[in-house]
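Q: Quick one, structure for this:
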Amino acid sequence: IAEVLKAKGYHTACIGKWHLGDQPPFLPTRQGFDYYFGIPYSDDMTPRPGYDWPPLPLMENERVIEAPVDRNLLTKRYTEKTIQFIERHKDVPFFVYLPHAMPGSTRAPFASEAFRGKSANGPYGDSVEELDWSTGQILATLRRLGLDERTLVIWTSDNGAPRRNPPQGSNAPLAGWGYTTMEGGMRVPLIARWPGHIAAGTVCHELATMMDLLPTLAHLAGAQPPTDRLIDGHDIWPLLSGSPNAKTPYEAFFYYFTDRLYAVRSGPWKLHLAIRDARRNTRSGRPMDRLLLYNLRQDIGETKNLAATRPDVVERLLAYAEKARQDLGEGTHRTATCRPAGRVENPRPQ
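A: Residues are numbered from 1 along each chain as shown. Sure, this is the predicted structure:
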């Protein structure tokens, strides 16, 4: 996204968690971002028994400025840096990608002193309340600078709440936890705000994915997505803007866990595939060695298996699954459209 927007004159910043490669060729500054401030991978990747990780670094552009970083201050500092970037670029087109580290991947999320111990839901609640504060500060900045009606703000999450003790969030009424291919792990909220372009209070129930942001933002900037590779996402501006009768661009959607296909959805139907050697996805608590078919429109909690009564739907979705394997690959099977992962010889910790 940053590369496409930068080519159209946008000033670009990534502020927050990266986790797409910590070696120089993979850093945000090599992927179209003019500025980077954040941690290069997950907040739980810190030195401890069994894990020989270096102290968690805080980076600015391509330089480590602190190690270890104080994780309690990440949300506060990310917010301040975002506001500073917006203020510096208020008179030119800009794009800010703000992947907050919190609530993060630890059993006790972090928060600054102003929020620590203040919520009724422990450290998790503290960190969520600080994220709410952060969003409010950024929106207030846009209003103060007269950018409110000229800025599209998108707020979303990367996965559902994971199973932790004590609990951290809820996915109800969806079934399953984060890091599974149940709806509770994969389906997340998205809020899009652009006064004058997106009507307040409207709701869209059509299926869309994070992959759609690239072609959508490219369209809004008057650009084109890359043409030297297959782009799986679609321009979903008709969905976001509330165009009459706008429908999902997906005939089928595929639920992968790492390199394994676990489920496929088409329209209201979702089919969990029979996998005898399922990995972490077994956290869903569901049997994985049989086909499970659900009508999500009528049964959002995935409670009533209709595989036996709708063999026609099962057959159709199995055909989609096979088509996905031929296009996207699975396990050791790689197709011509599968791009190899980037690697660096002799990597050095940041």
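
Q: Residue 92 contacts residue 8, doesn't it?
A: No - using C-beta atoms under 8 Å as the test, residue 92 is too far from residue 8 to be in contact (11.6 Å). Every residue, glycine included, has its C-beta placed from N, CA and C.

Q: With neighbour numbers in mind, choose between the two.
A: The neighbour comparison of residue 92 against residue 8 (other C-beta atoms under 10 Å) goes to residue 8, with 13 against 9.

Q: Three-state assignment for that one, please.
A: coil (DSSP: H, G, I helix; E, B strand; the rest coil).

Q: and if you look at residue 166?
A: Under three-state DSSP, residue 166 comes out as coil.

Q: Count the residues that sit near residue 6.
A: 18.

Q: Now do the contacts for it.
A: Contacts for residue 6 (C-beta atoms under 8 Å, 6 or more residues apart in numbering) come out as 12, 32, 34.

Q: for these, which one is nearest residue 339?
A: residue 32 (17.4 Å; C-beta to C-beta).

Q: just checking, the closest one touches residue 11?
A: No - in this structure, residue 32 is not within contact of residue 11 by C-beta under 8 Å, at 11.0 Å.

Q: can you list the domain ranges for the chain.
A: Following automatic domain parsing, the chain resolves into domains at 2-151, 253-328.

Q: Which one, of those domains, ends up nearest to residue 213?
A: Comparing these by their distance to residue 213 (C-beta to C-beta), the top pick is domain 2-151, with 9.8 Å.

Q: now what about stretch 338-347, what contacts it?
A: 21, 23, 25, 26, 229, 328, 329.

Q: actually stretch 29-40, not the one I typed
A: Outside stretch 29-40, the residues within contact range by C-beta under 8 Å, 6+ apart are 1-6, 11-22, 24, 27-28, 56-62, 69, 74, 77-78, 81, 85, 97, 99, 101, 350.

Q: and the residues you listed, which of them are in helices?
A: 2, 3, 4, 5, 6, 74, 77, 78, 81, 85 (DSSP state H).

Q: which of the residues you listed has the most neighbours?
A: Compared across the ones in helices among the contacts of stretch 29-40, residue 74 has the highest neighbour count, 26 neighbours, by other C-beta under 10 Å.

Q: State the distance from the nearest residue to it once chain neighbours are set aside to residue 64.
A: Nearest residue to residue 74, sequence neighbours excluded (C-beta to C-beta, 6 or more residues apart in numbering): residue 101, at 4.8 Å. Per C-beta to C-beta, to the nearest Å, residue 101 is found 16 Å from residue 64.

Q: same check, this time on residue 302
A: For residue 302, the distance to residue 64 equals 44 Å [C-beta to C-beta].

Q: more crowded one of these two?
A: Neighbours per residue, other C-beta under 10 Å: of residue 302 and residue 64, the larger number sits with residue 302, 22 against 15.

Q: circling back to that earlier point, would you write a PyMOL line that selects the buried entries of the contacts of stretch 29-40?
A: Restricted to buried positions by 16 or more other C-beta atoms under 10 Å, the PyMOL selection for the contacts of stretch 29-40 reads:
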select buried, resi 1+2+4+5+6+11+12+13+14+15+16+17+18+19+21+22+27+28+56+57+58+59+69+74+77+78+81+85+97+101+350
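
Q: what sits against residue 170?
A: Residues in contact with residue 170, defined by C-beta under 8 Å, 6+ apart, are residue 161.

Q: What's the per-residue pLDDT of it here?
A: pLDDT for residue 170: 91.

Q: swap in the one 3 residues further on?
A: Model confidence at residue 173, given as pLDDT, is 96.

Q: Surely it and residue 303 touch.
A: No - applying C-beta under 8 Å as the test, residue 173 and residue 303 come out as separate, 9.9 Å apart.

Q: Show me what the nearest residue to residue 92 once chain neighbours are set aside bridges to in the sheet.
A: Counting by C-beta to C-beta, 6+ apart, residue 11 is the residue found nearest to residue 92 once chain neighbours are left out, at 5.8 Å. Assessed by DSSP bridges, residue 11 has beta-bridge partners residue 94.

Q: do you know how far residue 11 is from residue 90?
A: Going from residue 11 to residue 90 by C-beta to C-beta gives 10 Å.
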